[in-house]
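Q: Predicted model and sequence below, questions to follow.
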Amino acid sequence: MNTNLSSSAPSQLETDCLVVLVLDRSEKDQSEKDQSKKDKTAVTVESSDAAVREAAKDAISSGEVTGKTFETTLLHRPAGLKAKRLLLLGGGKARTFSAAELRKLAGAAVRTLKSKSIRSFAFVVPESTVPASQGVPAIVEGAFVGNFDPGYYKSDHNEKDQKIDALTIVVPGNMQANAHADAKALESAMQAGRIVAESQNFARDLINEPSNRMTPTVMAERARKMAAEVGLNCETYGADKIKQLKMGAFWGVAQGSDEPPALIVLRYDPLGAADKVHLGLVGKAVTFDTGGISIKPADGMEKMKYDMAGGATMIGVMRAIALLKPKVKVTAVICATENMPSGKAQKPGDVQIAMSGKSIEIINTDAEGRLVLADGLCYARQLGCTHLVDAATLTGAVVVALGYVNAGIFASDDQMYERFANANKQAGEKMWRLPLDDEYKETLKSNIADMVNAGSRWGGAIFAAMFLKEFAEDTPWIHLDIAGTAWMEEAKPWIAKGPSGIALRSLVEFVKGWGA
């Protein structure tokens, strides 16, 4: 999708469709003395262009347009406008509106218009609620996410290909003090938003692939190709290297599959980066998870192709930071494998020796993600990483705790968590911190080994995080359990059913914060 900026008056833009937000600016009556007063409702068009306001006037005065979030009203041949259509898009309450809502609304605009075979449109930045510096990248990111189509294996996909080809973002044209600098800054913000959005869709594309087309080997090839395109160093290794490194936990999962595993290492080492900080991004990439000998129920198992979402996310993050160029050293370690039942597969009761030397009693072979991450975290530390973040579709328990809305965050270091929380807020992704109290460590005990890989069903997401903490050791570490949010169970107004790309934006903001 081509993207460009315009500071022209919205009414003067020649476009297939002009998209303008409509917000509810009703104010609650704070007076307790006069109960007869009712809430005042004021629906406003978020553009200072009088012609745009006039074109929307009748639809608003009729009560048809209320400003409710994701409400769409499409007007054809709007009077006084050069646009062929005017889309009034509801943004909800003005007092709570932010760049996060704007991002979703941009996606909703794309999904609404492309379903009508409209190929280009212009989106007016709601200048009174979100600064253009925030609004421009939010619109770009949301539009690209909304434009993603997961159905490319359908035989009629090319015939029904409905994608937006061009987006114009309309910014305020009254920046007089330093117009050139302002325009340059907004152009830079737009390009940064595009990089993040394309990287998010790159990760979603990896996650969307069926497991017969996204094996560990193919995943390594896709990472290597991407790295060559953006200037990253990429090393990929197979079973021999995994055994040489004594990654017994990783190999324990991989040994049951005929598909060879892949250890993917991506390195970003810019000139001028501080020596004292080396970020390590570790991703779980189980390209298909049957559960192994502790096999999963058949119902819904087809979705287990997305069990590599954490690894795909980290690959996407590395693509983004290679192009954004923050001044901080980053290494990503992605452990890719299948988890299959076979005569070679590990069994409940087996003991595996992790790369760190810790012994693990395998209680449940379906608790495999923490095993590959254990060796991934250890290897990242061996490579010199001073701060660690891992991402994984790790537990069903986090879905029980947080549903399909929030991802779970666990952190061993409060200062590092605050950094990530600030980045997460900037990115507009929903996550919730869960505890890592020492009392939970009791559940890791094994009679035969240093620890078990699965414990009680109660607090299962916390148990998994406590397990990983043993391998991060004293290195500041954050764990993101994205099991409930990495896959959209149903289509939303702003995003298709399927892979979401969750955590990529937060991780990119997190990395940028270290390189500021």
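A: Here it is on my side, so go on.

Q: avg pLDDT for the longest helix anywhere in the chain?
A: The residue-count maximum for a helix in the chain (DSSP state H) belongs to helix 179-208. The average pLDDT for helix 179-208 rounds to 93.

Q: now it, how far from the centre of its chain.
A: Counting by C-alpha atoms, centre = their mean, to the nearest Å, helix 179-208 is centred 14 Å from the centre of its parent chain.

Q: again, but for stretch 141-154
A: 14 Å.

Q: got it, and stretch 374-388?
A: How far stretch 374-388 lies from its chain's middle: 23 Å, per C-alpha atoms, centre = their mean.

Q: Name the residues of that stretch that are buried.
A: Residues of stretch 374-388 classed as buried: 374-381, 385, 387-388 (neighbour count, 16 or more other C-beta atoms under 10 Å). Where C-beta positions appear, they are placed from N, C-alpha and C, glycine not excepted.

Q: Quick one: those as a markdown table, columns for distance to residue 138, secondary structure and pLDDT too.
A: A markdown table is the format used below for the buried residues of stretch 374-388 (distance: C-beta to C-beta, whole Å; DSSP: H, G, I helix; E, B strand; the rest coil; pLDDT from 0 to 100):
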| residue | distance to residue 138 | secondary structure | pLDDT |
| --- | --- | --- | --- |
| 374 | 37 | helix | 98 |
| 375 | 38 | helix | 98 |
| 376 | 32 | helix | 98 |
| 377 | 33 | helix | 98 |
| 378 | 38 | helix | 98 |
| 379 | 36 | helix | 98 |
| 380 | 32 | helix | 98 |
| 381 | 36 | helix | 98 |
| 385 | 31 | coil | 98 |
| 387 | 27 | strand | 98 |
| 388 | 29 | strand | 98 |
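
Q: nearest to residue 27, of the residues you listed?
A: Nearest to residue 27 among these, counting by C-beta to C-beta, is residue 387 at 45.0 Å.

Q: Next, the contact list for the closest one, please.
A: 277-280, 416, 475-477 (C-beta atoms under 8 Å, 6 or more residues apart in numbering).

Q: ranges for the helices of the protein?
A: Under DSSP H, the chain gives helices at 50-61, 99-114, 132-147, 179-208, 216-230, 239-244, 248-254, 309-324, 369-382, 397-402, 414-427, 460-472, 504-514.

Q: Next, count neighbours for residue 251.
A: Residue 251 has 23 neighbouring residues, counting by other C-beta atoms under 10 Å.

Q: quick revisit: using CSV, please lay out the helices of the chain together with distance to residue 71.
A: Shown next, in CSV, are the helices of the chain (distance: least, C-beta to C-beta, whole Å):
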stretch, distance to residue 71
helix 50-61, 11
helix 99-114, 10
helix 132-147, 16
helix 179-208, 24
helix 216-230, 39
helix 239-244, 53
helix 248-254, 47
helix 309-324, 32
helix 369-382, 40
helix 397-402, 28
helix 414-427, 26
helix 460-472, 36
helix 504-514, 26
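
Q: Please name whichever of those is nearest to residue 286.
A: Checking the helices of the chain against residue 286 by C-beta to C-beta gives helix 369-382 as the closest, at 6.1 Å.

Q: so what secondary structure elements neighbour that closest one?
A: Judged by 3 or more C-beta pairs under 8 Å, 6 or more residues apart in numbering; DSSP states H and E, helix 369-382 is in contact with helix 248-254, strand 278-289, strand 329-339, strand 387-392, helix 460-472.

Q: now the ones you listed in a markdown table, with distance to residue 149?
A: Converted to a markdown table, these look like this (distance: least, C-beta to C-beta, whole Å):
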| stretch | distance to residue 149 |
| --- | --- |
| helix 248-254 | 32 |
| strand 278-289 | 22 |
| strand 329-339 | 25 |
| strand 387-392 | 24 |
| helix 460-472 | 32 |
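
Q: between the ones you listed, which one is nearest to residue 65?
A: Counting by C-beta to C-beta, residue 65 lies closest to strand 387-392 out of the helices and strands packed on helix 369-382; the figure is 40.4 Å.

Q: Direction included, what does that closest one pair against?
A: Here strand 387-392 is paired, per DSSP bridges, with strand 278-289 (parallel), strand 477-481 (parallel).

Q: Would you check that residue 278 makes contact with residue 381?
A: No. Using C-beta atoms under 8 Å, residue 278 is not in contact with residue 381, being 10.1 Å away.

Q: What are the neighbouring residues in contact with residue 24?
A: Here residue 24 is in contact with 41-43, 66-68, 90, 92-94 (C-beta under 8 Å, 6+ apart).

Q: Which strand residues bridge it?
A: Legend: beta-bridge partners of residue 24 under DSSP bridges are residue 43, residue 93.

Q: Compile the contacts of residue 387 into JSON lines and extend it with columns for neighbour count and pLDDT.
A: Converted to JSON lines, the contacts of residue 387 look like this (neighbours: other C-beta atoms under 10 Å; pLDDT from 0 to 100):
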{"residue": "277", "neighbour count": "15", "pLDDT": "97"}
{"residue": "278", "neighbour count": "20", "pLDDT": "98"}
{"residue": "279", "neighbour count": "23", "pLDDT": "98"}
{"residue": "280", "neighbour count": "26", "pLDDT": "98"}
{"residue": "416", "neighbour count": "18", "pLDDT": "98"}
{"residue": "475", "neighbour count": "17", "pLDDT": "98"}
{"residue": "476", "neighbour count": "17", "pLDDT": "98"}
{"residue": "477", "neighbour count": "28", "pLDDT": "98"}
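
Q: Tell me which of the helices of the chain lies nearest to residue 493.
A: Relative to residue 493, the nearest member of the helices of the chain by C-beta to C-beta is helix 99-114, separated by 4.2 Å.
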